[in-house]
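mind folding the following:
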Amino acid sequence: MTVLTPACRYSVRVSPQMANRIVDSARSVLNKFIPDIYIYTDHMKGASSGKSPGFGLSLVAETTSGTFLSAELASNPQGQGAAVLPEDLGRNCARLLLEEIYRGGCVDSTNQSLALLLMTLGQQDVSKVLLGPISPYTIEFLRHLKSFFQIMFKIETKPCGEELKGGDKVLMTCVGVGFSNLSKTLK
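Numbers count the residues shown, from 1 in each chain. Below is the predicted model:
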């Protein structure tokens, strides 16, 4: 089961009304699944806001087992790419979060490679992590781990069933290289 936790919508050097438009459009998608959603807004203006105008949305969902899944979108920088409407950004970010929830696993698709890197650099012991379907970026990252650390992961597919809801899962297992910080002083 997944519960939506507080999310943040931000706007910098644009009308504060942009915030409300993003929140309303994200809620229009998410309220179909769960009614109590908390989306906080943060509007910056003046000298403390920097020089680049824009807006964005970060959404986070927490599973009942304590896993946090997230999705984030931001408007394009001024003069780069097509202009993004706040309503489109809110709806697209909500859909991305629902996709992450469906994919499941203990790590969202954006952070799969970070979890695998930490497992690689960890102790010389067996580490395991359950991921949703592996992203193309993670596949390429696994190739880099093999090139740099000569480490290979055991990959087991876990089809979605009664216990595992959503998409198929992948159990990744490896033995860490035992990396330690040589600059660290010992007492």
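
does Glu100 lie in a helix or a strand, and which?
Counting by DSSP states H and E, the element that carries Glu100 is helix 86-103.

list the contacts of stretch 71-85.
Stretch 71-85 is contacted from outside by 52-59, 89, 92-94, 96-97, 99-100, 108, using C-beta atoms under 8 Å, 6 or more residues apart in numbering. Quick note: C-beta positions are derived from backbone N, CA and C, even for glycine.

hmm, try it at 6 Å
Identification of contacts with stretch 71-85 by C-beta atoms under 6 Å, 6 or more residues apart in numbering yields 54-59, 89, 92-93, 96-97, 100.

now, which of those sits nearest Lys158?
Nearest to Lys158 among the contacts of stretch 71-85, counting by C-beta to C-beta, is Glu100 at 17.5 Å.

I'd guessed the closest one sits against Asp108; true?
Yes: applying C-beta atoms under 6 Å, one finds Glu100 in contact with Asp108, separated by 4.8 Å.

give the residues shared as contacts by those two.
Residues touching both Glu100 and Asp108 (C-beta under 6 Å, 6+ apart) are Leu69.

tell me the secondary structure for the residue lying closest to Ser52 once chain neighbours are set aside?
Closest residue to Ser52 apart from its sequence neighbours, by C-beta to C-beta, 6 or more residues apart in numbering: Pro77 at 6.3 Å. When classified by DSSP: H, G, I helix; E, B strand; the rest coil, Pro77 comes out as coil.

Pro77 - how many residues pack around it?
Other residues lying near Pro77 total 10 when counted by other C-beta atoms under 10 Å.

okay, it and Val12: tell me how far apart.
In this view, Pro77 and Val12 are 11 Å apart by C-beta to C-beta, to the nearest Å.

leaving aside the residues next to it on the chain, what's closest to Leu171?
Glu156 (4.4 Å).

that neighbour - that's part of a helix, no?
No: assignment of Glu156 by three-state DSSP gives strand, placing it outside any helix.

ok, now how distant is it from Lys128?
To Lys128, Glu156 is 9 Å away according to C-beta to C-beta.

what's the answer for Ser58, then?
Plainly put, Ser58 is 28 Å away from Lys128 if you go by C-beta to C-beta.

run through the bridge partners of the residue nearest the centre of the chain.
The centroid of the chain falls nearest to Ser70 when counting by C-alpha atoms, centre = their mean (3.9 Å). Beta-bridge pairing for Ser70 (DSSP bridges): Val60.

my guess is Cys106 contacts Gly66. True?
No: using C-beta under 6 Å, Cys106 makes no contact with Gly66, being 9.3 Å away.

the more surrounded of these two?
Cys106 (19 against 7).

thinking again about what came up before, buried residues, the helix holding Glu100. List them.
Buried residues in helix 86-103, counted by 16 or more other C-beta atoms under 10 Å: 86, 89-94, 96-101, 103.
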